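for reference, the sequence and a predicted model appear below.
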Amino acid sequence: MIHLNLLIGFLKVGLFAFGGAYGAIPLIRDVVLSYGWLTDEALMSMIAVSESTPGPIMVNLATFVGASQAGVLGAIVATFAVVLPSFIVILILMALLKSAFKNQYVQAVLRGVKPAVIGIVLATGAFMLTKVLSPEGKGAPLTDLILTLIFTSILFLSPKVLKKKLSPILFIVLSAVLGAIVYTIFPG
């Protein structure tokens with residue numbers, strides 16, 4: 001039964017997620033919480049881990065949830081389910097609508113969807129930030145606040161100090177190393 005639930009749950013994510021992984025996080029959250037596969041806190045931790053590991057966030061999350069619920073077969077089913085709809089849709093669209101993407105009306109629709117996706121991504125980021133900074137209304141531990149300020153400062157000040165944007169890969173590695181050091185010294 002769990003394999004069927006994983007298939008159905010992640011097919012929903014794969015079918016209805018639009019705008020990439022960040023736009024899909026609210027849908028993933030809804031599916032994962034409705035089935036009781038992860039807590040909200042565990043999901044946010046897994047999103048952070050999924051960002052720092054190679055591969056798309058949706059695939060990494062599906063693989064993790066599938067593995068945690070039903071082992072290797074669960075990971076395969078969840079990963080297959082989240083990827084299948086996009087794969088099929090892309091094949092069909094490319095075969096049928098190769099020239100339609102040059103159409104001015106299709107281009108207008110795609111340009112119109114872009115602000116909505118940006119809004120979803122920003123709302124997801126704001127939600128995650130408020131959860132991290134104030135879990136269960138208790139307020140964040142001092143370590144979390146300090147790290148958030150450090151990472152935000154690095155992100156926004158690096159173009160001025162380095163005269164170029166910080167590489168996202170370098171920023172992720174720097175964040176992972178700094179987080180590992182700080183949370184090793186100050187656990188919890």
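All right, it came through fine.

low-scoring stretches of the protein, by residue?
19, 132-141, 188 (pLDDT under 70).

longest helix in it, please.
helix 57-96 (DSSP state H).

buried residues of that one, list them for me.
57-67, 69-70, 74-83, 85 (16 or more other Cβ atoms under 10 Å). (Each C-beta comes from the backbone N, C-alpha and C, glycine too.)

go on, stretch 175-188?
So for stretch 175-188, counting by 16+ other Cβ under 10 Å, buried means Ser175.

who's in contact with that stretch?
For stretch 175-188, the external contacting residues (Cβ atoms under 8 Å, 6 or more residues apart in numbering) are Ser52, Pro141, Thr143, Ile146, Leu147, Ile150, Phe151.

now, the most widely separated pair of the residues you listed?
Pairwise distances across the contacts of stretch 175-188 (Cβ to Cβ) peak at 20.7 Å, for the pair Ser52 and Pro141.

nearest to Pro168, of the contacts of stretch 175-188?
Checking these one by one against Pro168 (Cβ to Cβ), the nearest turns out to be Ser52, at 10.7 Å.

if I look at that closest one, how far off is Asn60?
Noted for Ser52: a distance of 10 Å to Asn60, by Cβ to Cβ, to the nearest Å.

one more: Phe151?
Phe151 is 21 Å from Asn60, by Cβ to Cβ.

from the contacts of stretch 175-188, which would you call buried?
Judged by 16+ other Cβ under 10 Å, buried ones among the contacts of stretch 175-188: Leu147.

pipe the contacts of stretch 175-188 into TSV and attach secondary structure and distance to Lys165 per row.
Output for those, formatted as TSV (DSSP: H, G, I helix; E, B strand; the rest coil; distance: Cβ to Cβ, whole Å):
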residue	secondary structure	distance to Lys165
Ser52	helix	19
Pro141	coil	30
Thr143	helix	27
Ile146	helix	24
Leu147	helix	21
Ile150	helix	18
Phe151	helix	15
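
ok, the contacts of stretch 175-188 vs Gly20, which is closest?
Ser52 (17.0 Å).

now that closest one: how far from His3?
In terms of Cβ to Cβ, Ser52 sits 28 Å off from His3.

do the same with Thr152
From Thr152 to His3 the distance is 41 Å (Cβ to Cβ).

the two: who's more crowded?
When neighbours are counted by other Cβ atoms under 10 Å, Thr152 and His3 differ, and His3 comes out ahead with 16 against 11.
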